[in-house]
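Colleague: Any chance you can model this:
(one chain, ligands or ions: 2)
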Amino acid sequence: MTDYFKRTQNKLSRIVESKAATVLAFETSCDDTSVAVVKNGREVLSNVTASQIAVHNLYGGVVPEVASRKHIESISAVAKGALAEAGVGFGDIDAVVSTYGPGLVGAVLVGLNAAKGVALSLDVPFVGVNHMRGHIAANYISNKELEPPFLCLVVSGGHSQLIRVDSYSEFTQIAATRDDAAGEAFDKISRELGLGYPGGIHIQKMGEGGNERAYTFTRPKMKGNQLDFSFSGLKTAVMNIIRGEKNMSEAAMRDICASFNRTVVQMLADNTFEALDELNQGGKKYSLAVAGGVAANKMLREALISRSAKKGIPFYSPEIKYCTDNAAMIGCEGFYRLIRGERDDLTLNAIPYLEI
Ligand code: KG4
Ligand code: ZN
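Modeller: Ligands and ions are numbered 1, 2, ... in the order given. Below you'll find the model as predicted:
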């Protein structure tokens, strides 16, 4: 056991006993440099994010090396901003948490190393957080009454998963994508249409006013786990339509965006409710939550709200600002690890392909 570990053990024990802590949280897994101060898990005192969208937009997607450099340039100012906005100083911080994966390894390392440095200099416990568990925890911030068990549809730029959350520490993946993630499909179609990065919000806006039934797409037949997702066939079909139409009119663009968005939503919602039907046949009743950048999608939120209402299943979603990457959700998930007495040593490394 390292000296740092021994020195901070009493502080961790106090957090476990009191179930209270003000944490400083770092998130730099992709293209957002984000630092938050979170009190007792669900109270966000500040959440400051420096977005790199403008620079990556020039290339049509995230350039990993550029992302790492931009994180290094911004992290100190973002951290100072988060403390100032929360109205706290370093002396008020009881623990430091950071994403340690999954994500772009060079990007993750910036926030992780900053967090470890702060934890060491303050002599407070440090804990690493799985970014995808963080996305799920965003639901706790926006829905103070939410408790496990629930099924969470996790849809981001890198993941499309159905995760059974049985407690604050038990996560079981029951479905995943076989190819592209939902957000990745939005981003690729947007790039093909010249609409910009990240694609989700551009496709959503362009689709407003379009005919969502203008195009119908065949749904993939899955071998094995029927609950798994696949978006590459849909993406190719949409790409072929776009490439086949020279000088596409704005009206046609609106129709293709609306139809694509509707198809993705149906694919996600159908599997989600099929999984819920199966789960809720047992004695335990699962509610539904959604998480990740694609959870900001208007059509998806509306579909999940109306279908869960019809089935009488409670539905939870994070506020839009906590759907895409942010440090507040990392602070929330980190808090629940800390109050279980969990923490990491300062040797914790970044794990780019960390599983849930
Ligand atoms: O969770 P996130 O911020 O980063 C990852 O962990 O990947 O998710 C980013 C993804 C991008 O692919 C982006 O296009 C998508 O979320 N996204 C959306 C919307 N807002 C963001 N997709 C559909 N509709 C939206 N409104
Ligand atoms: Zn994310």
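
Colleague: ok, the nearest residue to residue 337 once chain neighbours are set aside - how many residues close by?
Modeller: Among residues not flanking residue 337 along the chain, residue 127 sits closest, at 5.0 Å (C-beta to C-beta, 6 or more residues apart in numbering). For glycine as for every other residue, the C-beta is placed from the backbone atoms N, C-alpha and C. Residue 127 sits with 26 neighbouring residues when counted by other C-beta atoms under 10 Å.

Colleague: Am I right that residue 127 is in a helix?
Modeller: No - counting by DSSP: H, G, I helix; E, B strand; the rest coil, residue 127 is not part of a helix but strand.

Colleague: list the contacts for it?
Modeller: 95, 96, 97, 334, 337, 338, 342, 343, 344 (C-beta atoms under 8 Å, 6 or more residues apart in numbering).

Colleague: so what does the strand or helix carrying the fifth one touch, helix or strand wise?
Modeller: To tie it back to what came earlier, the one meant is residue 337. Under the criterion of DSSP states H and E, residue 337 resides in helix 327-338. Under the contact criterion of 3 or more C-beta pairs under 8 Å, 6 or more residues apart in numbering; DSSP states H and E, helix 327-338 touches helix 3-18, strand 22-27, strand 32-39, strand 43-51, strand 95-101, strand 126-130, helix 131-142.

Colleague: Tell me the confidence at the most far-flung residue of the chain relative to its centre?
Modeller: The C-alpha centroid of the chain is most remote from residue 246, which lies 36.0 Å away (C-alpha atoms, centre = their mean). pLDDT for residue 246: 84.

Colleague: Could you do residue 220 as well?
Modeller: Taking residue 220 on its own, its pLDDT is 88.

Colleague: and if you look at the one 10 residues further on?
Modeller: On pLDDT, residue 230 comes in at 97.

Colleague: Can you give me the neighbour number for it?
Modeller: Residues within reach of residue 230, counting by other C-beta under 10 Å, total 17.

Colleague: Over to residue 239?
Modeller: 14.

Colleague: before we move on, what about residue 19?
Modeller: Residue 19 has 11 nearby residues by other C-beta under 10 Å.

Colleague: Next one: it from ligand 1, what distance?
Modeller: 28 Å (C-beta to the nearest ligand atom, to the nearest Å).

Colleague: Give me the spatial nearest neighbour of that residue, chain neighbours excluded.
Modeller: Setting aside the residues directly before and after it, residue 19 is nearest to residue 339 in space (C-beta to C-beta, 6+ apart), at 5.0 Å.

Colleague: Contacts only, for the one you found.
Modeller: Counted by C-beta under 8 Å, 6+ apart, residue 339 has contacts 15, 16, 19, 21, 41.

Colleague: Tell me, what's the model's pLDDT at the nearest residue to the last one once chain neighbours are set aside?
Modeller: Sequence neighbours aside, residue 335 is the residue nearest to residue 41 in space, at 3.8 Å (criterion: C-beta to C-beta, 6+ apart). At residue 335 the predicted local distance difference test score is 98.

Colleague: wait, residue 335 sits on residue 36?
Modeller: No - look at residue 335 against residue 36 with C-beta atoms under 8 Å: they stay out of range, at 11.2 Å.

Colleague: picking that back up, where does the residue nearest to residue 41 sit relative to residue 21, distance-wise?
Modeller: Per C-beta to C-beta, to the nearest Å, residue 335 is found 6 Å from residue 21.

Colleague: anything in contact with each of these two?
Modeller: residue 40.

Colleague: the more surrounded of these two?
Modeller: residue 335 (31 against 25).

Colleague: who's in contact with the more buried one?
Modeller: Going by C-beta under 8 Å, 6+ apart, residue 335 touches 21, 23, 38, 40, 41, 97.

Colleague: can you check residue 148 too?
Modeller: By C-beta under 8 Å, 6+ apart, residue 148 lies in contact with 165, 166, 167, 168, 170.

Colleague: Kindly report the same for residue 82.
Modeller: Per C-beta under 8 Å, 6+ apart, neighbours of residue 82: 24, 35, 36, 37, 46, 47, 48, 327.

Colleague: Now the residue nearest to residue 19. Its backbone dihedrals?
Modeller: phi -70, psi -10 (degrees, to the nearest 10).
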